[in-house]
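Q: Generate coordinates for the sequence data below:
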Amino acid sequence: MPSRLFLFVVFFGTFIPSPAADPPAPTPPPIAVTLKQSGTTLADAAAALAKSSGIAIEVDSQVAKKPCEVAFAGTPFWEALEQAASKAEARLVILDGGRKVLLVPRGASKEVSAVSGPFRVAAKQVIGRALLDTGVTYHDCLLEVHWEPRYPVFRIDSNPKIKTARDDKGTNLLADPAVTRQHPGSAIAEMKVKLTGLPREAKKIAVLEGEFHATAATRLLAFRFDDLNTKTPVTKIEDRVSVTLKPLTRDDTTGTWDVDLEMTYPEPHPVFESFEEHKWLRDHKLQLVVAGKPLEATSEDVVAGGRKVTATYRFKAMNPLPKGAAIVLQAPGPIVELTVPFKLQNITLP
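A: Numbers count the residues shown, from 1 in each chain. Have a look, this model is predicted:
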């Protein structure tokens, strides 16, 4: 009888449902461009797009004066820029970690791209490989993904999930299902899709459709604390992110002010492995402003655990602090998991 009871408990336990995972957040909105100009040059259109987006755009002299008759009404930024470039037979080159775009002559380029909200995906290379020892052949399709720099991305797939891959002969291709992730330090990342089943007579990948996941902040937040003489903690909340600044303390031995704070992020908050915690802390920055001049910390200890962040920053400054001194903190807003779809068509094969 006891053995039967044990079996019943084990069998029954298999029916206990596991907690449902939080659904991915919708892709954040892109910069919407409205432009009524027409009959302009590419340089004029690029200047207007740069002004409306805050993203630096440079134009190569070979295409700067080419006619570019465009008009936009709430068009996503990357779509608008691609349309302008297409009018002048130019293409986009992403520089400075995704913070700058250079428009150059298209020439013989066969680059294919797709826009999804604030993200843009471009097919950059297709490399055919033959493993002579096993007789296996496959193709690596290298993608460049970049996004509007105002969205800090801390984690992104290295290998997107492919839903449809087909060549121009109608052959369905197999994509490697392996998923790995990377931690970009800027607004650009590389991805790779490994495809098998491409026949020698195929000239193009007709469709490459899929999605990738990204862990990103909705925006960067700024907190300012002006009363540094308070003897009690001060809490400020913005976009559901709470920051508590403790009273400043003075270490007369080192001549430094210690600034201690605690932050709490809202649910749902992505799960980070222990080795990843510092990745999403990269944009945390605290300055002590004295007489209008920002001072950088001489040292800092910033630790994240789940939704909590604790930090100590140390500054060398006079004692007592002059009137008007303030603490300014830059930190990521709520952090979400995104699913970004894309569809590339007619990628030329080698």
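
Q: ok, and what's touching stretch 217-228?
A: Outside stretch 217-228, the residues within contact range by CB atoms under 8 Å, 6 or more residues apart in numbering are 28, 150-152, 154, 234, 236, 238-239, 241, 243, 245, 248, 280, 283, 321, 324-336. The way it works is simple: take the backbone N, C-alpha and C, and place the C-beta from them, glycine included.

Q: for stretch 254-270, that is, sorry about that
A: Identification of contacts with stretch 254-270 by CB under 8 Å, 6+ apart yields 22, 155, 215, 240-246, 248-251, 286, 288, 297-298, 306-317, 319, 321, 327, 329, 331, 334-337.

Q: which of the residues you listed are buried?
A: Neighbour counting with 16 or more other CB atoms under 10 Å marks 155, 215, 241, 243, 245, 248, 286, 288, 297, 307, 309, 311-315, 317, 321, 327, 329, 331, 334-337 as buried within those.

Q: Just to be careful, could you list which of the contacts of stretch 217-228 are in strands?
A: Among the contacts of stretch 217-228, the members found in strands (DSSP state E) are 154, 234, 236, 238, 241, 243, 245, 326-332, 335-336.

Q: from the chain's centre, how far out does stretch 208-223 sit?
A: Relative to the mean C-alpha coordinate of its chain, stretch 208-223 is positioned 5 Å out (CA atoms, centre = their mean, to the nearest Å).

Q: looking only at pLDDT, what's the mean for that stretch?
A: In this model, stretch 208-223 has a mean pLDDT of 96.

Q: do stretch 36-53 as well
A: 89.

Q: Looking at residue 10 now. What's its pLDDT?
A: According to the predicted model, the pLDDT of residue 10 comes to 35.

Q: As a check, name the ranges of all strands in the stretch 151-300 of the chain.
A: Per DSSP state E, counting those that start in this stretch, the stretch 151-300 of the chain carries strands over the ranges 153-157, 161-167, 174-175, 181-182, 188-196, 204-217, 220-225, 234-238, 241-245, 249-251, 256-264, 285-290, 293-295, 299-305.

Q: Quick check: end-to-end length of stretch 91-103?
A: For stretch 91-103, the separation between the terminal residues is 6 Å (CA to CA, to the nearest Å).

Q: So for that stretch, what gets flagged as buried?
A: Going by neighbour count (16+ other CB under 10 Å), the buried part of stretch 91-103 is 91-92, 94, 98-99, 101-103.

Q: And stretch 58-69, by the same measure?
A: By neighbour count, and taking 16+ other CB under 10 Å as the criterion, the buried residues in stretch 58-69 are 59, 63-64, 66, 68.

Q: Likewise for stretch 127-142?
A: Neighbour-count burial for stretch 127-142, with 16+ other CB under 10 Å as criterion, is recorded at 138-139, 141.

Q: what does stretch 250-260 give?
A: For stretch 250-260, a neighbour-count test (16+ other CB under 10 Å) marks 256-260 as buried.

Q: any idea which of the residues you listed is closest to residue 124?
A: residue 259 (44.4 Å; CB to CB).

Q: If you tally nearby residues, what's the number for residue 169?
A: One way to gauge burial is a neighbour count; for residue 169, by other CB atoms under 10 Å, it gives 12.

Q: Check residue 207 too.
A: Per other CB under 10 Å, the neighbour tally for residue 207 reads 19.

Q: Setting aside sequence neighbours, what's the nearest residue to it?
A: residue 166 (4.8 Å; CB to CB, 6 or more residues apart in numbering).

Q: residues in contact with that neighbour?
A: Taking CB under 8 Å, 6+ apart, one finds 172-173, 205-207 in contact with residue 166.

Q: one more time with 6 Å, if that's ok
A: Residue 166 makes contacts with 172, 206-207, as judged by CB atoms under 6 Å, 6 or more residues apart in numbering.

Q: Outline the domain layout of the protein.
A: Domain ranges of the chain: 27-107, 110-216+336-350, 220-333, per automatic domain parsing.

Q: neighbours of residue 231, just the number please.
A: Summarising burial for residue 231: neighbours were counted as other CB under 10 Å, giving 5.

Q: One more: residue 70?
A: Burial of residue 70 is recorded as 25 neighbouring residues (other CB under 10 Å).

Q: how about it, what does it touch?
A: By CB under 6 Å, 6+ apart, the contact list for residue 70 reads 45, 83-84.

Q: Mind giving me the ChimeraX command for buried ones among the residues you listed?
A: The buried subset of the contacts of residue 70, as determined by 16+ other CB under 10 Å, is captured in ChimeraX by this line:
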select :45,83,84
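
Q: now, among the contacts of residue 70, which is nearest to residue 199?
A: Distances from the contacts of residue 70 to residue 199 were compared by CB to CB; the smallest belongs to residue 83, at 34.7 Å.

Q: Just give the nearest non-adjacent residue to the closest one, would you?
A: In space, not counting the residues next to it along the chain, residue 83 is nearest to residue 70; the distance is 5.9 Å by CB to CB, 6+ apart.

Q: Just the element for that neighbour, please.
A: Counting by DSSP states H and E, residue 70 is held by no secondary-structure element, helix or strand.

Q: Pairing partners for residue 300 in the sheet, please.
A: When bridges are taken as DSSP bridges, the partners of residue 300 come out as residue 313.

Q: count of residues packed around it?
A: Taking other CB under 10 Å as the neighbour definition, residue 300 ends up with a count of 15.

Q: Numbering from 25 from now on, please.
A: Let's use 25 as the start, then, which means that last one is residue 324.
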